[in-house]
Every structure is written in C-alpha cells, then in structure tokens.
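**Q** I would like the atomic coordinates for the input below:
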Amino acid sequence: MERNEIMVIYGEDILAMTKKICEEAKLAERIPAGAKIGLKPNLVVAARPETGATTHAEILEGCIQYLQEHGQKDITIIEGSWVGDQTSRAFKVVGYDKLSRKYNVSLFDTKYDKYERRSYGGVTMEISKTALDLDFLISMPVLKGHCQTIVTGALKNMKGILSDREKRHFHSMGLHKPIAYLNKIYPAHFILGDGICGDLDFEEGGNPVQMNRIFCGLDPVLVDTYICQTMGYEPTDIPYIRIANEIGVGSIDLKPENIIELNKDTSKVKPTSSRKVARLAKNVREKDACSACYANLIQACARLDDRGLLGWLNKTPICIGQGYRGESGTNPGIGNCTRAFDTHCAGCPPKTPEILAYLEEYISRG
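**A** You can find the predicted model right below:
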C-alpha cells in the first residue's frame with residue numbers, strides 16, 4: 001500500500017481479518033530482518049474491548065502470528081495506561097498476559113521506564129526510552145470518541161509512550177498541540193486500527209457501536225481523517241489533526257478512491273446493550289442490515305443529535321437493510337438495498353458523511 005491509502009477489511013473473524021490485512025498491506029516487507037518491533041495498543045483503562053474502550057486481543061494475536069510467520073521474533077507489547085490506572089491490570093483484563101505466554105512476546109509498561117527528553121517547536125516532552133529504541137512501532141488505536149478531543153485515533157494513541165508526568169503536562173497544555181508535536185518527534189511506522197466496536201463518544205467505553213472493521217495505513221493523519229469521516233466529523237474540526245497536518249506529520253487529503261476495501265461486510269447487526277445507541281436507533285427500521293452500513297447510520301444519527309435535528313425524523317423512520325430489497329417506500333432509505341424507495345442514500349455501504357448529508361437534505365425538505 002501507498003502512504004496516501006487506507007485499507008479496510010470487514011467481518012467477524014478478527015484474527016483472520018488481521019492477518020489478511022497485514023498480508024495485503026505487505027507489512028512484513030516494511031520491517032527489517034531481526035528488528036525490535038513494538039505493538040502499541042490502546043489500553044487507556046482496564047476495560048474489556050467489547051465496551052468500546054480497548055484494542056481487541058485478537059488483533060494483537062493476528063499481528064503476532066503474521067510477524068512470527070515472517071521470521072520476526074523480537075516483539076514487545078508496549079503501553080502505559082492513563083494516569084491513575086494500572087497497565088498491568090489492563091494487560092490481564094484484556095488478555096494480553098495470555099498472548100505474552102502463548103507466543104513468547106514481552107509485555108512492557110512504560111510507566112516504569114526511563115525517559116528521554118525530546119523537543120519540537122519549543123515543546124519538550126518525556127518519551128519512553130524503550131519505545132525510542134524500537135526499530136519498528138505498530139500503533140493499534142481504537143476507532144472511538146473522546147470526551148475532550150471528540151475523537152481519538154492514531155495520533156492520540158501515541159500518548160501511551162509518555163511518562164505519567166508528561167501525560168499530566170499534555171493536559172495542562174490543552175492536549176491538541178502537544179499530541180501533534182509528539183507525532184512529529186516520533187510517528188508510528190504502521191497503524192493497524194481496531195474498528196470492531198469503538199465507543200460513540202467516550203474513551204472509557206460504555207456505548208460501543210458494532211462496526212466490524214479493521215483498517216490500516218502508513219500516515220497517522222490520514223488514518224485519523226478516515227476515523228473522522230467514519231464518525232461524521234471533518235478532520236479540520238479536531239485541532240490536533242489540523243495541527244499535525246500543518247506541521248507535516250501527514251495529510252488530511254483522503255480521496256475516496258484511496259480507501260481500499262478488501263471485501264464487503266456481510267455480518268448482521270446484533271442487539272445492543274448501549275442505551276445511547278438504542279436511543280439513536282429509535283427511529284431506525286432495520287431489516288437484515290449489515291453491521292458496517294448500520295454503524296455508519298448510527299454515527300450519522302449521532303451527529304444529527306448533536307445538531308438537534310434527530311427529532312425531525314420521529315414521524316418518518318429511516319429504513320435500512322437487505323430485507324428492503326425490491327420494496328418501495330416513501331421513508332428515507334439507507335444503502336443500495338433501499339434503491340426502490342422514492343428516496344435513498346446510495347452505497348454499499350454508504351459512508352457516514354454521505355448519510356449525514358442525505359438526511360440533512362431530507363430534513364430540510366420538511
């Protein structure tokens with residue numbers, strides 16, 4: 001894959017999907033023989049991945065299997081949870097301790113590391129020496145929301161290589177500028193993103209959205225642009241993404257033709273325990289919808305809710321799913337399965353921005 005591309009795979013077999021996307025991206029060809037490799041997941045808190053907060057163990061396992069099958073042996077899972085939580089506890093809760101024993105890979109907690117001070121643009125920060133000594137770092141962020149920065153992804157995931165003191169310092173500086181500058185000092189070499197069920201708007205989880213996708217890229221700014229688009233935001237809405245683009249960490253210029261989808265999602269929507277997702281879906285009439293299409297609709301509904309527009313659809317439920325193929329209707333339809341409706345948003349699946357624009361235009365017609 002090229003630096004201006006994002007690769008996406010859909011499904012429910014997380015381990016197999018991970019190995020497939022690594023193979024298609026030719027990840028092994030990018031890593032020197034005998035390299036010190038770091039896998040940097042998102043373990044902000046000790047929470048199970050199904051809450052929408054943390055990186056699934058199956059993604060790490062698939063990546064470890066792939067790397068070992070290509071001759072790589074020096075692999076470390078490296079992370080430092082947020083201030084106030086224990087990384088060692090998170091390793092156990094998510095199941096990384098079992099991976100460590102099964103595949104003979106190291107677990108390293110950056111909270112107990114030595115640090116080196118690095119600077120960019122007048123901002124100096126303490127970075128894990130173990131992270132800096134790696135030859136190749138694979139960042140594994142979760143596609144999810146964040147209570148302070150709206151979204152979190154590849155750029156913000158790098159905070160885990162900082163000392164706790166530096167994490168506090170980042171917050172005192174307003175987060176956005178230092179996050180962008182950290183990635184100028186030390187960007188990940190490859191990003192393998194967890195889009196299985198990230199939370200709608202909170203980094204600690206609780207309102208997961210079933211998305212059933214894994215994605216990868218070489219440019220952290222481009223990856224975060226993809227995350228923004230998936231959630232219905234513009235990358236320029238997020239200051240740290242905008243700053244990272246401006247200082248040359250990467251590019252926000254993600255063209256539709258540069259999103260490479262390896263397959264189509266065929267996994268079906270499952271019942272949710274999230275009250276927020278259930279509220280957003282109150283006016284959705286789903287019949288055999290695929291999870292990727294449905295997730296994009298829920299993200300669009302969340303943005304409509306932010307703008308106070310969701311209530312306009314109370315009397316005209318949104319229809320989505322394969323069960324509507326060949327049916328006609330006057331309600332707003334989402335996806336090619338509703339192409340026989342009087343009006344619908346085309347795509348398989350349509351992207352979140354497309355759904356959002358369609359529903360806003362539908363609402364404006366009254």
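
**Q** chain center to the longest helix seen in the chain, what's the gap?
**A** For the chain, the helix that runs over the most residues, judged by DSSP state H, is helix 291-306. Here the centre of helix 291-306 is set off from its chain's centre by 15 Å, with CA atoms, centre = their mean, to the nearest Å.

**Q** Show me what the mean pLDDT comes to for it.
**A** Mean per-residue pLDDT for helix 291-306: 94.

**Q** what do you get for stretch 193-200?
**A** So the average pLDDT for stretch 193-200 ends up being 96.

**Q** Restrict that stretch to CA atoms and write it as PDB.
**A** The C-alpha coordinates for stretch 193-200 follow below in PDB (Å, rounded to 0.1, in the frame of the first residue of the first chain):
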ATOM      1  CA  GLY A 193      -6.800   0.200  13.600                       C
ATOM      2  CA  ASP A 194      -9.400  -1.500  15.700                       C
ATOM      3  CA  GLY A 195     -12.800  -0.600  14.300                       C
ATOM      4  CA  ILE A 196     -14.700  -3.600  15.700                       C
ATOM      5  CA  CYS A 197     -16.900  -1.800  18.200                       C
ATOM      6  CA  GLY A 198     -15.500   1.600  19.300                       C
ATOM      7  CA  ASP A 199     -17.400   3.900  21.700                       C
ATOM      8  CA  LEU A 200     -19.500   6.700  20.300                       C
END
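
**Q** How about residues contacting the longest helix of the chain?
**A** Contacting residues not belonging to helix 291-306 are listed as 10, 200-201, 209-213, 230-233, 265, 267-270, 277, 280-281, 284, 286, 310, 313, 318, 320-321, 334-335, 347-352, 355-356, 359-360, 363 [CB atoms under 8 Å, 6 or more residues apart in numbering]. Just so you know, the C-beta spots here come from the backbone N, C-alpha and C atoms, and that holds for glycine as well.

**Q** same thing with stretch 246-259?
**A** Under CB under 8 Å, 6+ apart, the answer for stretch 246-259 is 2, 4-6, 8, 121, 155, 180-181, 183-184, 187, 219-222, 225-226, 229, 235-236, 241-242, 244-245, 351.

**Q** Of these, keep whichever come out buried.
**A** Among the contacts of stretch 246-259, those classed as buried by 16 or more other CB atoms under 10 Å are 4-6, 8, 155, 180-181, 183-184, 187, 219-222, 225-226, 229, 235, 241-242, 244-245, 351.

**Q** Which of those residues fall within strands?
**A** The members of those that map onto strands under DSSP state E are Ile6, Val8.

**Q** Can you flag which of the buried ones among the contacts of stretch 246-259 belong to helices?
**A** Those of the buried ones among the contacts of stretch 246-259 mapping onto helices are 155, 180-181, 183-184, 220-222, 225-226, 229, 241-242, 244-245, per DSSP H.

**Q** what's near enough to touch Ile138?
**A** Neighbours of Ile138 in contact, by CB under 8 Å, 6+ apart: Leu27, Ile37, Gly38, Leu39, Lys40, Cys63, Ala188, His189, Phe190, Ile191, Leu192.

**Q** My read is that the fifth one contacts Asn157, right?
**A** Yes: in terms of CB atoms under 8 Å, Lys40 counts as a neighbour of Asn157; the distance is 6.6 Å.

**Q** Overlap in contacts, the two.
**A** Counting by CB under 8 Å, 6+ apart, the shared contacts of Lys40 and Asn157 are Ser139, Met140, Ala188.

**Q** Distance to Val93 and pLDDT added to these, as a markdown table?
**A** What follows is these, written out as a markdown table (distance: CB to CB, whole Å; pLDDT from 0 to 100):
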| residue | distance to Val93 | pLDDT |
| --- | --- | --- |
| Ser139 | 20 | 98 |
| Met140 | 16 | 98 |
| Ala188 | 24 | 97 |
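
**Q** for those residues, which one is nearest Arg325?
**A** Closest approach to Arg325 among the shared contacts of Lys40 and Asn157 (CB to CB): Met140, at 36.6 Å.

**Q** The closest one pairs with what?
**A** Here Met140 sits in beta bridges with Pro41, going by DSSP bridges.

**Q** Distance of it relative to Gly160?
**A** 10 Å (CB to CB, to the nearest Å).

**Q** These two: which is more packed in?
**A** Between Met140 and Gly160, counted using other CB atoms under 10 Å, the more crowded position is Met140 (28 against 25).

**Q** Test my guess that the more buried one contacts Gly62.
**A** No: using CB under 8 Å, Met140 makes no contact with Gly62, being 10.7 Å away.

**Q** All the strands of the stretch 201-350 of the chain, in order from the start?
**A** Secondary structure of the stretch 201-350 of the chain by DSSP state E, counting those that start in this stretch: the strands cover 213-217, 259-261, 284-286, 318-320, 333-334, 344-345.
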